[in-house]
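>>> sequence-free structure coming up:
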């Protein structure tokens, strides 16, 4: 069976009986990264009623965890996880933030709400095959951007972060199986343009 992750973070929102349910999906590379994102998310939205979540990591989906975060047992974290599993996802974190609107939904209503908002976010997400990637951080001149972007696409890679200053700064993921050929290309590009890079360990 083929599993998928997402190329970029994405969110979705639903209002159900006056409660706001906000789903946030993040691509992750490890359990530690998921826990760090969850911690930061709680700090950024401290006034929410609940921050329920689930994550899956590993190319065989070997790491799975979920939390109801104060909702009745089994009504939040497990439905979120099941939504991810049924969509054949891995290396993904889903956080659903709830702002209680004063009307109780009951256990069935809660389960449907938490699963539904995650499914809505997944429908909007750009899904990519879950294969081993290497992350590269690049700093380069602007006039080499178009060539570089073309090559990233040809290697089935993805730009996952961009910063624009005196020079472009890109965070790029390249499939592990293509990494040797990719490094030969960017080392060759260094002979024509300014380019510096390093790999995440």
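That came through fine. What you see is a predicted model; the values in this text were computed from it and never measured.
>>> Show me where the protein has its helices.
With DSSP state H as the criterion, the chain has helices at 31-44, 77-86, 106-124, 145-154, 179-189.
>>> just checking, what packs against the longest one?
Pointing back at helix 106-124 there. strand 10-16, strand 19-27, helix 77-86, strand 92-99 (3 or more C-beta pairs under 8 Å, 6 or more residues apart in numbering; DSSP states H and E). Where C-beta positions appear, they are placed from N, C-alpha and C, glycine not excepted.
>>> OK, contacts around the residue nearest to residue 142 when sequence neighbours are not counted?
Nearest residue to residue 142 in three dimensions, chain neighbours excluded: residue 168, at 5.8 Å (C-beta to C-beta, 6 or more residues apart in numbering). Residues in contact with residue 168 (C-beta atoms under 8 Å, 6 or more residues apart in numbering) are 138-142, 145, 162.
>>> likewise residue 74?
For residue 74, the contact set (C-beta under 8 Å, 6+ apart) comprises 68, 107, 111.
>>> pLDDT below threshold where in the protein?
1, 201 (pLDDT under 70).
>>> Among the contacts of residue 168, name the buried ones.
Buried by 16 or more other C-beta atoms under 10 Å: 138-140, out of those.
>>> so which of those would you say is closest to residue 13?
Checking these against residue 13 with C-beta to C-beta, the nearest one is residue 138 at 34.0 Å.
>>> Can you spell out the domain ranges of the chain, please?
As assigned by automatic domain parsing, the chain contains the domains 4-129, 133-199.
>>> among those, which is the most enclosed?
domain 4-129 (a mean of 18; mean count of other C-beta atoms under 10 Å).
>>> how about TSV for the contacts of residue 168, with distance to residue 56 added?
Shown next, in TSV, are the contacts of residue 168 (distance: C-beta to C-beta, whole Å):
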residue	distance to residue 56
138	29
139	33
140	34
141	39
142	38
145	34
162	27
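>>> what's the closest of those residues to residue 80?
Using C-beta to C-beta, residue 162 is the member of the contacts of residue 168 that lies nearest residue 80, at 29.4 Å.
>>> which residue sits closest to the closest one in space, ignoring its chain neighbours?
Sequence neighbours aside, residue 170 is the residue nearest to residue 162 in space, at 5.8 Å (criterion: C-beta to C-beta, 6+ apart).
>>> Enumerate every residue touching the one you found.
Counting by C-beta under 8 Å, 6+ apart, residue 170 touches 137-138, 140, 148, 159, 161-163.
>>> again, only using 6 Å
By C-beta atoms under 6 Å, 6 or more residues apart in numbering, the contact set of residue 170 is 138, 159, 162.
>>> Repeat that for residue 9.
residue 26.
>>> redo that, cut-off 10 Å
For residue 9, the contacting residues are 24-27, 37, 93, 121, 125, 160, by C-beta atoms under 10 Å, 6 or more residues apart in numbering.
>>> go on, residue 13?
With contacts defined as C-beta under 10 Å, 6+ apart, residue 13 is in contact with 20-24, 97, 117, 120-121.
>>> same thing but at 8 Å, please
20-23, 117.
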